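Asks: Here's a sequence, model it:
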Amino acid sequence: MANSRVSEIGLVDGRLVVGGTFRKNLVALNPDTGGNTGYINIAITGQVSGSESKTEVYRFAVNPTGTRLVGVGNFTAVGGQNRQRAFMLNLDATSVAVSPWYYEPLDDACRSTSPTRRAYLDDVDFSPDGSYFVFVSTGYITAQPSQIGTHICDAAARFETADLDPDEPTWINYTGGDTLHSVAVTGAAVYVQGHQRWLNNPQGDDSAGPGAVSRRGIGAIHPTTGLALPWNPPKPAAQGGQDFLATTTGLWVPSDSQKFNSEYHRGIAFVPLP
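Replies: Predicted structure coming up:
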């Protein structure tokens with residue numbers, strides 16, 4: 001479709017799953033022919049209030065066994081059910097169904113009124129064992145101070161895959177008003193990047209609040225405690241990196257930064273994992 005885009009792509013159990021702003025928003029293609037297999041036939045509709053962009057599945061992640069897909073983007077319903085900003089699908093051998101998983105605070109806006117930040121979830125990744133997944137987001141700070149701890153605004157948040165009706169995330173790590181664009185979960189750490197200046201900053205409002213630690217452009221979060229790990233290679237950025245690639249040997253870090261850990265790495269760096 002003209003003026004549409006592909007935003008995410010992944011090979012899942014022999015099918016090429018593609019998300020974007022095109023008519024179906026999420027499809028499974030034959031990787032050899034490019035034809036639609038019909039495996040994913042779920043209507044994804046609507047745009048969140050205040051957004052001027054198209055309906056979109058912007059990012060998705062699939063658990064290691066290929067049985068769950070979590071997607072984020074700009075939509076209000078999936079399969080006819082209320083699903084604002086995020087959804088989970090059950091992936092069976094021959095069919096796909098909308099999971100009952102949903103997190104109601106995602107119905108709420110963050111503080112930002114910018115149309116580009118209204119669909120504020122920017123990325124998601126599963127842990128290597130598939131037991132949990134982590135969202136990262138834009139959106140500025142929470143709309144109300146009372147929403148700190150439940151609302152995912154300029155933050156990273158962990159959810160347990162088996163908990164289909166969560167009251168709150170397992171943890172949330174806030175930046176204090178700076179966007180996180182991408183996340184990679186390796187087991188040892190939850191790596192995040194964007195144009196953030198801090199982590200551990202729930203009270204920050206474009207400032208360093210109590211307990212904030214400097215993590216410029218990139219950081220690592222302890223997967224259990226949800227607090228920033230000591231790893232701190234400064235990576236000055238304009239918008240910040242939009243993606244990661246975690247491999248068995250290390251982490252590839254693409255971004256708009258000219259330097260990584262005070263060394264010249266224009267556009268990309270490689271970090272051996274612990």
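Asks: Chain neighbours aside, what residue packs nearest to G50?
Replies: Closest residue in space to G50, ignoring its immediate chain neighbours: R118 at 4.4 Å, by CB to CB, 6 or more residues apart in numbering. Any C-beta I mention is one placed from the backbone N, CA and C, and that applies to glycine too.
Asks: Surely that neighbour touches S51?
Replies: Yes: taking CB atoms under 8 Å as the definition, R118 is a contact partner of S51 at 4.0 Å.
Asks: Overlap of the contact sets of the two?
Replies: Listed contacts common to R118 and S51 are N74; contacts here mean CB atoms under 8 Å, 6 or more residues apart in numbering.
Asks: so where does A28 fall, helix or strand?
Replies: Assigning secondary structure by DSSP states H and E places A28 in strand 26-29.
Asks: helices or strands up against that strand?
Replies: Applying 3 or more CB pairs under 8 Å, 6 or more residues apart in numbering; DSSP states H and E, one finds that strand 26-29 contacts strand 15-20.
Asks: what do you get if the cut-off is 10 Å, keeping everything else the same?
Replies: Secondary structure elements in contact with strand 26-29, counted by 3 or more CB pairs under 10 Å, 6 or more residues apart in numbering; DSSP states H and E, are strand 6-12, strand 15-20, strand 56-62, strand 68-74, strand 86-91.
Asks: any idea how far L16 is from the residue lying farthest from the centre of the chain?
Replies: Here the chain has its C-alpha centre computed as a mean, and the residue farthest from that point, by CA atoms, centre = their mean, is T33 with 29.6 Å. With the distance defined as CB to CB, to the nearest Å, T33 ends up 10 Å from L16.
Asks: cool, Y140 as well?
Replies: Y140 sits 35 Å away from L16 when distances are taken as CB to CB.
Asks: Pick out whichever of these two has more residues nearby.
Replies: In this comparison of Y140 against L16, neighbours counted by other CB atoms under 10 Å, the higher total goes to Y140 at 23 against 16.
Asks: Run through the bridge partners of the closest residue to A86 other than its chain neighbours.
Replies: In space, and not counting its chain neighbours, A86 is closest to V72: 5.0 Å by CB to CB, 6+ apart. As for beta bridges, V72 partners with R59, A86 under DSSP bridges.
Asks: Would you check that V72 makes contact with V134?
Replies: No: taking contact to mean CB atoms under 10 Å, the distance of 11.2 Å between V72 and V134 leaves them out of contact.
Asks: what about the stretch 1-150 of the chain, any weak spots by pLDDT?
Replies: Low-confidence segments of the stretch 1-150 of the chain, defined by pLDDT under 70, span residues 1-2.
Asks: I'd guessed D243 sits against H181; true?
Replies: Yes: with contacts defined as CB under 10 Å, D243 counts as touching H181 at a distance of 7.9 Å.
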